[in-house]
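1. Generate coordinates for the sequence data below:
(chains A and B)
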Amino acid sequence: MNVGVFEAFTLVVRRELCLSFRRPEQLLQPLVFFLIVTTLFPLGLSLQLSLLRDMSPGVLWVAALLSSLLSLDALFKGDADDGTLEQLALSGQGLMVIVVAKTCAHWLVTGAALVLVSPVVGTALGIPVAAFATMMLSLGVGTLTLSWLGAIGAGLTVGLKRGNVLLSLIVLPLAMPLLIFGAGATDRAISGTNAAGALYFLAALCVFTCTLAPFAATAALRITLE
Amino acid sequence: MWTWFYKLASPPSVYAAAGALAPWFLATAAVAIVYGLVDGLVFAPPDYQQGDAFRIVYVHAPSAWMSLFSYTSMALAGAIALVWRIKIGHAVAAASAPIGASFTLLALVTGSLWGKPMWGTYWAWDPRLTSELILLFLYFGVMSLRSAFEDPARGDRAAALLGIVGLVNVPIIHFSVTWWNSLHQGATVAKIGKPAMSLSMLWPLLAMLLGFMLFYGAVLCMRLQGEVLNRERQAKWVREAIKS
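-> All right, here's what the predicted structure looks like:
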């Protein structure tokens, strides 16, 4: 059967989404984790909303990074364990199409979902409604970049037994610029100043990563699959 | 046409070359470092603002510079090994990583020791300190990835790829950390601007830099010998080399 590149892409995305929605608990767990982590900070720091508001961009972004990382381990693991990934690699389609499709699907079920629940968390942390648009935009762009950085890490650690900790060790240093600009944009939106600069940097990082990371993630997967 | 090159890059000849080069590197490094230390610690004039405390720069700046240099050479060696499948590149990368991580740690420690009298604190989230810390994390990532694989060849290639990804990221991290401070507020820590150094201060610094590079070369040669022996432990020439 001859399948075009775009068709293969949509097929893999649909398969991934279908698998995720068949197991809603897997879909919800990172979101619940996100909520729990953001709950920890007020309890540990202070209950005063005015103080929390100063901390909130960092808290929000650290929680988002951690919860996205949590689900990254499963990006290739399930398919690699049961042999699906090898079959996909042998399917005649370039491995990169499959990597791109899987990563996009991963972002849809984790990053995009995170963006959707972020207003709830934002309210709890005292972020004003006026800053929600910037916060959600920065989270959306940032988690997409993170999914791509994570795809490289997940590709490198897919064959390992305890790859989860190593994955965090690899991906988190690479993700620090995201934290800086993402939290920076949110911070500026909260204080009512112009957040465009930080958002532009975030978008530039996103474009840069989305352009190069597919090659790196595919190469990583080839190294570990071979 | 390239056979001479492959011959040169074969483990036995690399082992022999590294063994022959190491003492030369070590001797020249010792000369440069002794000159740099004596001139820098004794003869260079004290700084008009920092007094004698500035003299730690003679260890701090070269190690910070070498931390980047070792990372770059590690990533490039890995890239060469990945692209042209020259196995010795992986050995060079593996030998380079711990040296680079040590230089990074040295730069961090000397930096914070310098920070105490100058800034009044051991640690400030200064852009340079922060990006140096992230560099240390990158080293840790590469080193632990290499050792995480049971199949060493796979670990080598995975670490090489991560090294390249990190190399692309190092400037991004550096600039984002630098701009993030300007994004927040004016610098809270009085940062000492880079003074135009007088030549009497600059010469020892350059000598130390050269000395550190030669020292890196010497340690790299020694570690490379160990790496090659370990990787080729099944080969006949290793048995012969160890016997003799």
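
2. what's near enough to touch residue 133?
-> Going with chain A. A:Ala133 makes contact with A:Ala189, according to Cβ atoms under 8 Å, 6 or more residues apart in numbering or on different chains. Every residue, glycine included, has its C-beta placed from N, CA and C.

3. Let me rephrase: I mean chain B.
-> B:Leu133 sits next to B:Leu108 when contact means Cβ under 8 Å, 6+ apart.

4. Next one: it from B:Met143, what distance?
-> Distance, B:Leu133 to B:Met143, using Cβ to Cβ, to the nearest Å: 16 Å.

5. Can you pull up the residues of chain B that come close to chain A?
-> Neighbours of chain A within chain B, by Cβ under 8 Å from any Cβ of the partner chain: B:134, B:137-138, B:140-141, B:144-145, B:148-149, B:154, B:157-158, B:161-162, B:164-166, B:168-169, B:172-173, B:176-177, B:179-180, B:183-184.

6. Quick check: ChimeraX command selecting the buried ones in those residues.
-> Selection command for ChimeraX covering only the buried members of the residues of chain B next to chain A, criterion 16 or more other Cβ atoms under 10 Å in any protein chain shown:
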select /B:134,137,138,140,141,144,145,148,149,154,157,158,161,162,164,165,166,169,172,173,176,177,179,180,183
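
7. Filter the residues of chain B next to chain A down to just the ones in helices.
-> When these are checked against helices (DSSP state H), the matches are B:134, B:137-138, B:140-141, B:144-145, B:148, B:154, B:157-158, B:161-162, B:164-166, B:168-169, B:172-173, B:176-177, B:179-180, B:183-184.

8. Now find how far off-centre the one helix or strand in chain B whose mean pLDDT sits lowest is within its chain.
-> Sorted by mean pLDDT, DSSP states H and E, the helices and strands of chain B end with helix B:3-8, the least confident at a mean of 72. Mean C-alpha position of helix B:3-8 versus that of the full chain (Cα atoms, centre = their mean, to the nearest Å) differs by 28 Å.

9. Going along the chain from it, find the next helix or strand for me.
-> Next in sequence after helix B:3-8, counting helices and strands by DSSP states H and E, comes helix B:11-38.

10. Tell me which helix or strand comes right after that following helix.
-> helix B:57-84.

11. For residue 123, grab phi and psi.
-> In the absence of a named chain, this looks at chain A. phi -60, psi -40 (degrees, to the nearest 10).

12. my bad, the chain I had in mind was chain B
-> Torsion angles, degrees, to the nearest 10, at B:Trp123: phi -130, psi 130.

13. Name the residues of chain A found near chain B, please.
-> So chain A meets chain B at A:152, A:156-157, A:159-160, A:163, A:166, A:169-170, A:172-174, A:176-177, A:180-181, A:184, A:187-188, A:197-198, A:201, A:205, A:208, A:212, A:216, A:219-220, A:223-224, A:226 (Cβ under 8 Å from any Cβ).

14. pLDDT weak spots in chain B?
-> For chain B, applying pLDDT under 70 flags the ranges B:1-2, B:48, B:180-197, B:244.

15. Quick check: A:Glu150 touching A:Leu172?
-> Residue A:150: Gly, not Glu. No: using Cβ atoms under 8 Å, A:Gly150 makes no contact with A:Leu172, being 10.0 Å away.

16. can you list residues touching both of the two?
-> With Cβ under 8 Å, 6+ apart as the test, A:Gly150 and A:Leu172 both reach A:Leu69.

17. So the two - more neighbours on which side?
-> Legend: neighbour count by other Cβ atoms under 10 Å in any protein chain shown for A:Gly150 and A:Leu172, higher for A:Gly150 (30 against 19).

18. Next one: the closest residue to the more buried one other than its chain neighbours from A:Ala213, what distance?
-> Nearest non-adjacent residue to A:Gly150, counting by Cβ to Cβ, 6 or more residues apart in numbering or on different chains: A:Leu72, 3.9 Å away. For A:Leu72, the distance to A:Ala213 equals 13 Å [Cβ to Cβ].

19. again with A:Ile152
-> 6 Å.

20. what's the answer for A:Gly111, then?
-> From A:Gly111 to A:Ala213 the distance is 14 Å (Cβ to Cβ).

21. Then A:Leu47?
-> From A:Leu47 over to A:Ala213 (counting by Cβ to Cβ), the distance is 40 Å.

22. what's the answer for A:Pro42, then?
-> Distance from A:Pro42 to A:Ala213, by Cβ to Cβ: 35 Å.

23. Could you check which of those two is surrounded by more residues?
-> Shown here are A:Pro42 and A:Ala213; by other Cβ under 10 Å, A:Ala213 has more neighbours (25 against 19).

24. Could you say which helix or strand holds the more buried one?
-> A:Ala213 is part of helix A:196-225, with elements assigned from DSSP H and E.

25. and that helix with helix B:57-84, angle?
-> Interaxial angle, helix A:196-225 versus helix B:57-84 (axes from the mean of the first three to the mean of the last three Cα atoms, to 10 degrees): 50 degrees.

26. next one: helix A:196-225 to chain centre, how far?
-> Per Cα atoms, centre = their mean, the centroid offset for helix A:196-225 relative to its chain is 12 Å.

27. Show me what it is packed up against.
-> helix A:84-89, helix A:95-109, helix A:132-157, helix A:163-191, helix B:152-184 (3 or more Cβ pairs under 8 Å, 6 or more residues apart in numbering or on different chains; DSSP states H and E).

28. and the angle from that helix to helix A:163-191?
-> When the same axes, to 10 degrees is applied, the directions of helix A:196-225 and helix A:163-191 differ by 170 degrees.

29. List the buried residues for helix A:196-225?
-> Residues of helix A:196-225 classed as buried: A:198-199, A:201-203, A:205-206, A:209-210, A:213-214, A:216-221, A:223-224 (neighbour count, 16+ other Cβ under 10 Å).

30. Check stretch B:24-31 too.
-> So, applying 16+ other Cβ under 10 Å, buried residues of stretch B:24-31: B:25-26, B:28-29.

31. ok, and what's touching it?
-> The contact list for stretch B:24-31 (Cβ under 8 Å, 6+ apart) reads B:211-212, B:214-215, B:217-218, B:221.

32. One more pass at 7 Å, please.
-> B:211, B:214-215, B:217-218, B:221 (Cβ atoms under 7 Å, 6 or more residues apart in numbering or on different chains).

33. repeat for stretch A:92-110
-> Contacts of stretch A:92-110 (Cβ under 7 Å, 6+ apart): A:3, A:5, A:8-9, A:12-13, A:16-17, A:20, A:27, A:30, A:68, A:71, A:75, A:88-89, A:143-144, A:147-148, A:151, A:214, A:217-218, A:221-222.

34. Pull out the buried residues from it.
-> So, applying 16+ other Cβ under 10 Å, buried residues of stretch A:92-110: A:93, A:95, A:97-110.

35. okay if I get the contacts of stretch B:24-31 as CSV plus secondary structure?
-> Compiled in CSV, the contacts of stretch B:24-31 are given as follows (DSSP: H, G, I helix; E, B strand; the rest coil):
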residue, secondary structure
B:Gly211, helix
B:Leu214, helix
B:Phe215, helix
B:Gly217, helix
B:Ala218, helix
B:Cys221, helix
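
36. In a markdown table, list those along with neighbour count and distance to B:Tyr122.
-> Shown next, in a markdown table, are the contacts of stretch B:24-31 (neighbours: other Cβ atoms under 10 Å in any protein chain shown; distance: Cβ to Cβ, whole Å):
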| residue | neighbour count | distance to B:Tyr122 |
| --- | --- | --- |
| B:Gly211 | 23 | 27 |
| B:Leu214 | 20 | 31 |
| B:Phe215 | 22 | 26 |
| B:Gly217 | 18 | 32 |
| B:Ala218 | 21 | 31 |
| B:Cys221 | 22 | 35 |
